[in-house]
Each structure stands twice: as C-alpha cells, then as structure tokens.
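Participant: Everything below, folded, please.
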Amino acid sequence: MIAVIQRVSRAGVSVEGTVIGSINTGLVILLGVMDTDRDTDGKFLAEKIAHFRIFNDDQGKMNRSILDVKGSALVVSQFTLCGDWRKGRRPSFVHAATPELGKTLYQVFMDELRSQGVPVQQGQFGAMMDVELINDGPVTFVLDSQKA
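Facilitator: Model (predicted):
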C-alpha cells in the first residue's frame, strides 16, 4: 500500500462539482492499494500516519503529529500510485488491487485511522474527483507499507 501524504492548511474533494469532503489543518492522503496488500498494510500505515511527527512545534521543528495538532485527514483513493512506469511510455496497472480488494482495504485504512483518533473525510472510491489543497510547507512524504 502506498500513501502520499501532504500536510495542508485546507483541502477539499469534489465529484461532479459537489464538495463531498473537506478539512482545514491536517493531511491529504492519496492511497494506492496493490494486489499484494492485506489488512495489515492498511493498519500499519494508518498507525504510522496518525503518529508521524510532521507538524511544527513552537520552535518550528517537525515534532507534532496530526493528533497533537487536532488535525483531520482527507483520504482519496488513487490507484495510479500503483502504476509501473519503468517499461514503455504508458504505465501498467497490473499490480493495482482489483476494485473489490481496493475498496475493502481503503475502508480498512480509514477505519484504522479513525480508531487512532483522527477525524477522517474521504473521496468517493472509483470516481473521477477534483482535489484542491493548500500544501503547508510544502511538506509531502511517500510511505510504502512494503518498505517498512
């Protein structure tokens, strides 16, 4: 499972012009599910992200987690993170999870993030979405559960 996390001052996701999720201070999490991922991958990444200290303390050091700053997460499924771009000019998505597995593990991830105490807004799985955000920093990290 691959998560691109961006620290934001605000963000929102829309489907067909209708805002379906929005947050202020927190994280936008773009989540890609691979065909080899299991529940444990989602739980691992959710726990890591909930306690990942990437928000500034009073001295400007990244020393606070999303929980510490009472932030929220906006989680958006993004199977293109699973694309293999190494061969040819068109990415291959053969290692992306099936829609059924992807949706299930997307939900597992969000449920675990909520159980860690993080308020979660979400995109619409499988839909074409518009995501707007103000990246604070900018601060962006790529986490891969297979590289733990």
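Participant: Would you check how far apart Pro119 and Gly21 are?
Facilitator: 11 Å (C-beta to C-beta, to the nearest Å). The C-beta positions use only the backbone N, C-alpha and C, and glycine is treated the same way.
Participant: What number of residues are in the vicinity of the closest residue to Gly26 other than its chain neighbours?
Facilitator: Leaving out its chain neighbours, the residue that sits closest to Gly26 by C-beta to C-beta, 6 or more residues apart in numbering is Gly71, at 3.4 Å. Residues lying near Gly71 (other C-beta atoms under 10 Å) number 20.
Participant: from what I can see Gly71 touches Ile29, true?
Facilitator: No - using C-beta atoms under 8 Å, Gly71 is not in contact with Ile29; the gap is 11.6 Å.
Participant: Would you mind finding the longest helix in the protein?
Facilitator: helix 99-115 (DSSP state H).
Participant: would you list every one of the helices in the protein?
Facilitator: Counting by DSSP H, the helices of the chain are 39-51, 99-115.
Participant: and the first one, which residues are buried?
Facilitator: Read that as helix 39-51. Along helix 39-51, these residues count as buried under the neighbour rule (16 or more other C-beta atoms under 10 Å): 41-46, 49-50.
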